[in-house]
Structures are given as C-alpha cells and as structure tokens.
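Novice: how would this look folded up:
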Amino acid sequence: MLRSRIWTTTGLLTIWAASALAQVAPTLAPFSNATGSKPPAPWRVVGLLGAAKPLTAFDITTIDGRAVLRVRADHSYANLVHDLNDVMLASGTQLRWRWRLDQPLPAADLRRRDADDTALKLCLLFNPPLESLSAVDRGLLAIARSVSGEKLPGATLCYVWDNTLPVGTLLHNVFTSRLRFLVVDSGVRAGNPWVSHQRDIGEDFRLAFGPEFTTLPPLEAVAIGADADNTGGQSLGHVADVTLSP
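Specialist: Prediction:
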C-alpha cells in the first residue's frame, strides 16, 4: 500500500512538473541588459526581400537611466527579428511591452500601396502548417523562402502605432493577405509618453485570422520594425523590453 501511494504521488508530481514546464513562455533577450549600442543577440536586422533599400536603424540608447531600443526610419525598411524556433504557446500567453513614438509619419496610410508605412510596429511571426494555406499562398511562400534563405512566416500579426487610424482597427496588408495589422495606438501624444500594452496572443490571432486556422500555429519569431520607404519620410520611436509570459 505504501509503495502504491509513493508511486501515485510521484506520478502526480511528474504530471504537475510537466504541466508547469509547458506553461513557461520563451524568453526574449531584454534591451535593458544591453552593454553596448547594438541590440543584444539573437536580435538581428532583416531587410526587405529583393530590394536594395536603406535599412531602418536599430540601436540601444538610454532613457531615464534604462537601456531601450531606438528605432529610426529614413526612407528605409527593416525589421529587428528575434527567432524562437517554432514555439508552441500555452493558452492565454501574454505579450507585454512599452513603447513611445517621438516622430510619426504623417503621410503613412496602411490602406494604400503608395503609403504603406509604419512608424512603429511589433510583430508576431507564425509558422502554420502549409496545408492550411491556399495553393497560391503555398507557392508564393515556397518561392520567397527559397530566394531569401529565410524561414518566412505563413501568418504574421503586427501591432502598430498608426498616425490616423482608430485604435482597434484591423486590416490586411495591401501587398499580402498573410500579414494583418492591429492598431493599438494612434496619433501623437503630448510629451511623448511611454505607453504600456498587454495582449492575449491567442485571442488576437483569432481576431485577426478568424476561421483560417483551427489552432494557434507555432510562433517562429518576434519582430520590431518601422518603415518609411513608400512615403519617403522619417520616424523615430523607442521600445523597452518585450516579454512573453503565461
């Protein structure tokens, strides 16, 4: 009887430990721990596929005594990407971050191809099963991955700080339906204050992609970006540590 009880207790502890480990969200390298001007590894700059455009600048600066990421776009395009290797997120995983917009892009308009720019965005890159995509999307994605050498996402959700669109606006990218934008901040705020956000990734993914996917796909990367290549403008923003947590 004692042996049976010990075995049962051990089994329950094993199950509890496995469940606890499954709830641990991946860690993103914090900007606050940076010791130089470059964003800490594994954050890396990725430009636009097949385009010889200037790269948006990403570097570490200090504001209020804390190291943060500075994002400067000038007729440019690029994303700062943190690879995660297809992490399966637990239900209810939260994305948290703080950012501030110091210089917006007045001419940007995500509804138009000639003005498809963002002064500040935070994106989640997902790797859904290829069979969940249309034949056309599968073909385009395969070609793009082959040419770029990058593991390009099959579904991307970007939180954006827009210039004019109301908070809560959800729209497709004008160039590809595989990218969706969700406006979480809009316009200029007096004094350029820091704005904090906490988002439920699963809920937002369902909001953005609806019935296209039955489950939340693996998360392959997180990206921060700004682009001003279409409007030919300049923008400036800052982003503090970005975290994922159960």
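Novice: Low-confidence stretches in this protein?
Specialist: Residue ranges of the chain with pLDDT under 70: 1-24, 130, 132-151.
Novice: all strands for it, in order.
Specialist: For the chain, applying DSSP state E gives strands covering 44-46, 57-63, 66-74, 77-87, 94-103, 118-126, 155-162, 170-172, 179-186, 195-200, 219-227, 234-239, 243-245.
Novice: So what are the sheet partners of the third one and their directions?
Specialist: Applying DSSP bridges, strand 66-74 is found paired with strand 57-63 (antiparallel), strand 234-239 (antiparallel).
Novice: buried stuff in the longest one?
Specialist: Within strand 57-63, the residues that qualify as buried by neighbour count (16 or more other Cβ atoms under 10 Å) are 57-58, 60. Glycine gets a C-beta too; all of them are placed from N, C-alpha and C.
Novice: can those go into CSV with extra columns for distance to residue 109?
Specialist: Listed next are the buried residues of strand 57-63 as CSV, based on distance: Cβ to Cβ, whole Å:
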residue, distance to residue 109
57, 23
58, 24
60, 31
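Novice: re earlier: of all the strands of the chain, which one is nearest residue 111?
Specialist: strand 170-172 (6.8 Å; Cβ to Cβ).
Novice: Give me the contacts around that closest one.
Specialist: 110-111, 165, 179-183, 207-208 (Cβ atoms under 8 Å, 6 or more residues apart in numbering).
Novice: now do 6 Å
Specialist: For strand 170-172, contacts defined as Cβ atoms under 6 Å, 6 or more residues apart in numbering pick out 180-182.
Novice: Nearest to residue 174, out of the strands paired with strand 66-74?
Specialist: strand 234-239 (18.8 Å).
Novice: just how off-centre is the closest one within its chain?
Specialist: 16 Å (Cα atoms, centre = their mean, to the nearest Å).
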